[in-house]
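Trainee: here is a sequence with its predicted model. Questions after.
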Amino acid sequence: MPSKKNTKQVKALSETFSKAKAVYFTEYHGLNVGEITKLRSEFFKADVEYKVAKNTLIKLAAEENKITGLEGMFKGSTAIAIAYDEPVAPAKVIKEFTKENDLPNVKGILFDGEFLPGEEFKRLADLPSKEELLAKLVAMLNSPLQKLVSTLNAPLQNAVGVLNSLKEQKS
């Protein structure tokens, strides 16, 4: 019979899986306390939740949410990085962190309900963030509008120029 603590933890993990846009399953065993603290701090700055949980509890929570394809995730120590807003944020943090450290290794990624192998995190880390994409879109939309405004203003400016030169000639 499962303990109340484990039941609560499965329920919390299940809610996490249902709300998250992306969940990164990582192997963290081998990091010392200082490195894990630094990693947690980087995740916190990026608005990413980082939890260590028992494999059986993660598996039960995944089954509750009808998530399939996680068979290879439950070997060794597992920590999950959860992104609620920006699904590529954990990949960016992990990529930066692994420049100085060998771990954590990404075992797999649950990205908007689809399971991706762990190697895909490098591709995701190279994707631009939501803010970067919005800035590019605004710049792309702004350029044609500026050209339209200058094209519409050109005849008016020419007419004003002609009128000013006529005024100067008559005076």
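Mentor: Arrived safely.

Trainee: phi and psi next, for the spatially closest residue to residue 113 that is not a sequence neighbour.
Mentor: Computed as C-beta to C-beta, 6 or more residues apart in numbering, the closest residue to residue 113 that is not its neighbour in sequence is residue 67, at 7.7 Å. Every C-beta, even on glycine, is put in place using the N, C-alpha and C of the backbone. Recorded main-chain torsions at residue 67 are phi -90, psi 130, according to degrees, to the nearest 10.

Trainee: now do the buried residues in the helix or strand that residue 9 is a member of.
Mentor: Taking DSSP states H and E as the criterion, the element that holds residue 9 is helix 4-19. By neighbour count with 16 or more other C-beta atoms under 10 Å, helix 4-19 contains the buried residues 9-10, 13-14, 16-17.

Trainee: what does that helix contact?
Mentor: Counting by C-beta atoms under 8 Å, 6 or more residues apart in numbering, the neighbours of helix 4-19 from elsewhere in the structure are 2, 23, 49, 51, 53-54, 57-58, 60-62, 64-65, 67, 80, 82, 84, 110.

Trainee: buried members of the residues you listed into ChimeraX, please.
Mentor: Buried members of the contacts of helix 4-19, identified by 16+ other C-beta under 10 Å, are gathered into one ChimeraX selection as follows:
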select :23,49,51,53,57,58,60,61,62,65,67,80,82,110
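
Trainee: show only the entries of the contacts of helix 4-19 found in helices.
Mentor: Where the contacts of helix 4-19 overlap with helices, as defined by DSSP state H, the overlap consists of 57-58, 60-62, 64.

Trainee: list just the nearest of those to residue 120.
Mentor: Taking C-beta to C-beta as the measure, residue 120 lies nearest residue 62 of the ones in helices among the contacts of helix 4-19, at 18.1 Å.

Trainee: surely the closest one touches residue 70?
Mentor: Yes. In this structure, residue 62 is within contact of residue 70 by C-beta atoms under 8 Å, at 5.3 Å.
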